[in-house]
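Trainee: this is a predicted model, with the sequence first.
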Amino acid sequence: MSSSPPKTGAPKIGFVSLGCPKALVDSERIITLLRAEGYELSATYEGADAVVVNTCGFLNSAKEESLAAIGEALAANGKVIVTGCMGVEADRIRASHPGVLAITGPQQYEAVVEHVHQAVPRPHDPFLDLVPPQGIRLTPRHYAYLKISEGCNNACSFCIIPSLRGRLTSRPIGEVLREAERLVAAGVHELLVISQDTSAYGLDLGYAKSAWRGSEHEARFLSLAQALGSLGAWIRLHYVYPYPHVDQVLPLMAEGRVLPYLDIPFQHASPPVLKAMRRPAHQEKTLQRIERWRALCPELALRSTFIVGFPGETEEDFAFLLDWLSQARLARVGCFKYEDVDGAQANALPGHVPLGLKEERYARLMQHQQAISAAVLAGRVGKTIEVIVDEVDDEGAIARSHWDAPEIDGSVYLNGQTALAQGDRLRVRVTHADEYDLWAEPIGSAVCAEKGQYAEA
């Protein structure tokens, strides 16, 4: 953030949002509450009356980033309220930054707003002020994250999410669908469904029914996908565990009601490593399930993330993972080098892998996957696909396909297409591919993001 003109008018709040999309949704909810009360957002520390820092506390490196962000905000502004996952370590935060005004944990939206009230009195009665019905969002207008639950019932040895965010707490399906409906009505063309464990949605509610559009709907993964698929937007499913009932959603993908995309956190493939991680270790059944999914929906793209250098990982385990990747042929893969997380049970496991070896395995995995991705994407050349436009500049448009989530996956470059607009959806023919991205040319017309009508591309 840089310097700004002197403050005038309504009180302004600076906001720093760190971490995953789930934390971003938390930030959006806090900002929506603040805007409803008449606060404005400041793009600079100096232009703000106070600053809220929404922290990440999953990895130690993320905690250091959060502490650095708090320090930067304090130095530039002096009035800082801390929230988010690292808020559960209030003593550590105050030891580094005793000058913070307040510290709250994740999902404590009302507490954050109350601390803002104490630092900067609210200007208006919230019942007399208007905010957009879809709330305030930090994403571009054409896509939005839709968080369906908090917490997690899994007990992975490397993860502290259950201690940070609690056990699975699903939102009633009617509430989720009404939010989705408001977002689409406001011009959102893509809904990215997120949680800690999307395929476990509704388990804690006993799959209780709630009303939407005059009908009762069960809080189940399949029911949610079916209802969201009726809204006319792209529906992208993230953080899906490969439970057997996920098979039921594949026909919706084949029909075009839900994007043919599954983000599944496999983490590894070697049975001994998966056992140490406390993850499902049936990699053979997983490969069989992937094969069955592709039979149901040939256009399916699978993305996943993997951890290398987990305690006890041998060269044999790593070679097993590379062979598994060759068989699975995932379209999109991310990789992390294992690091201890304060409070995680994996810290006490024997056989910690040296940093140099972790880095070497990381490089080998990414090189191995690049060859797989290049071959997979080469198969897209000559095909007609639908894309959504993210950016337009003097050289053309940058878009994404059904296979590409924003910020984490690849792009589709439409060179020379300067007349398109952000959020436009159109069909294109793929002309070229590399390891991560596609190049394409429009065919036919585009769905105009602003008018919802077709316009010539």
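Mentor: Nice, I can see it.

Trainee: past the helix ranked longest in the chain, which element shows up next along the chain?
Mentor: Ranked by number of residues, the top helix in the chain under DSSP state H is helix 355-378. Per DSSP states H and E, the first helix or strand lying C-terminal to helix 355-378 is strand 384-393.

Trainee: buried residues in that next one, which are they?
Mentor: 385, 386, 387, 388, 389, 390, 392 (16 or more other CB atoms under 10 Å). (Glycine included, C-beta is placed from N, CA and C.)

Trainee: what do you get for stretch 31-44?
Mentor: Buried residues in stretch 31-44, counted by 16+ other CB under 10 Å: 31, 32, 33, 34, 35, 36, 37, 38, 39, 40, 42, 44.

Trainee: returning to what we had before: counting by contacts, list what the longest helix of the chain packs against.
Mentor: strand 301-308, helix 315-328, strand 332-337, strand 425-433 (3 or more CB pairs under 8 Å, 6 or more residues apart in numbering; DSSP states H and E).

Trainee: the shortest one: how far from the chain's middle?
Mentor: Taking CA atoms, centre = their mean, to the nearest Å, one finds the center of strand 332-337 at 15 Å from the center of the full chain.

Trainee: when you give positions from now on, start the count at 896
Mentor: Fine by me, first position is 896 from now on; the one you just mentioned is strand 1227-1232.

Trainee: what's that strand in contact with?
Mentor: Strand 1227-1232 is touched from outside by 1196-1204, 1220, 1250, 1253-1254, 1257, 1260-1261, 1264, 1267-1268, 1298-1299, 1303-1305, with contacts defined as CB atoms under 8 Å, 6 or more residues apart in numbering.

Trainee: buried ones among those?
Mentor: Buried, going by 16+ other CB under 10 Å: 1196-1199, 1201-1204, 1220, 1253, 1257, 1260, 1264, 1267-1268, 1298-1299, 1304-1305, out of the contacts of strand 1227-1232.

Trainee: first vs last residue of stretch 990-1005, how far apart are they?
Mentor: 25 Å (CA to CA, to the nearest Å).

Trainee: what residues does it touch?
Mentor: Outside stretch 990-1005, the residues within contact range by CB under 8 Å, 6+ apart are 918, 921, 924-925, 928, 945, 962, 965-966, 969, 973-980, 982-983, 985, 988-989, 1006-1007, 1010, 1013-1014, 1045, 1059-1060.

Trainee: how far off centre is it?
Mentor: 24 Å.

Trainee: now it: average pLDDT?
Mentor: The predicted model gives stretch 990-1005 an average pLDDT of 87.

Trainee: what's the answer for stretch 1120-1133, then?
Mentor: Mean predicted lDDT for stretch 1120-1133 stands at 96.

Trainee: so which bits of it are buried?
Mentor: Applying 16+ other CB under 10 Å to stretch 1120-1133 flags 1120, 1121, 1122, 1123, 1124, 1126, 1128, 1129, 1130, 1131, 1132, 1133 as buried.

Trainee: also stretch 962-978?
Mentor: For stretch 962-978, by 16+ other CB under 10 Å, it's 962, 964-969, 971-972, 974-978.

Trainee: quick revisit: among the helices and strands packed on helix 1250-1273, which is the most enclosed?
Mentor: Counting by mean count of other CB atoms under 10 Å, strand 1196-1203 has the highest mean neighbour count of those, with a mean of 21.

Trainee: identify the residues contacting residue 1275.
Mentor: By CB under 8 Å, 6+ apart, the neighbours of residue 1275 are 1325, 1328, 1333.
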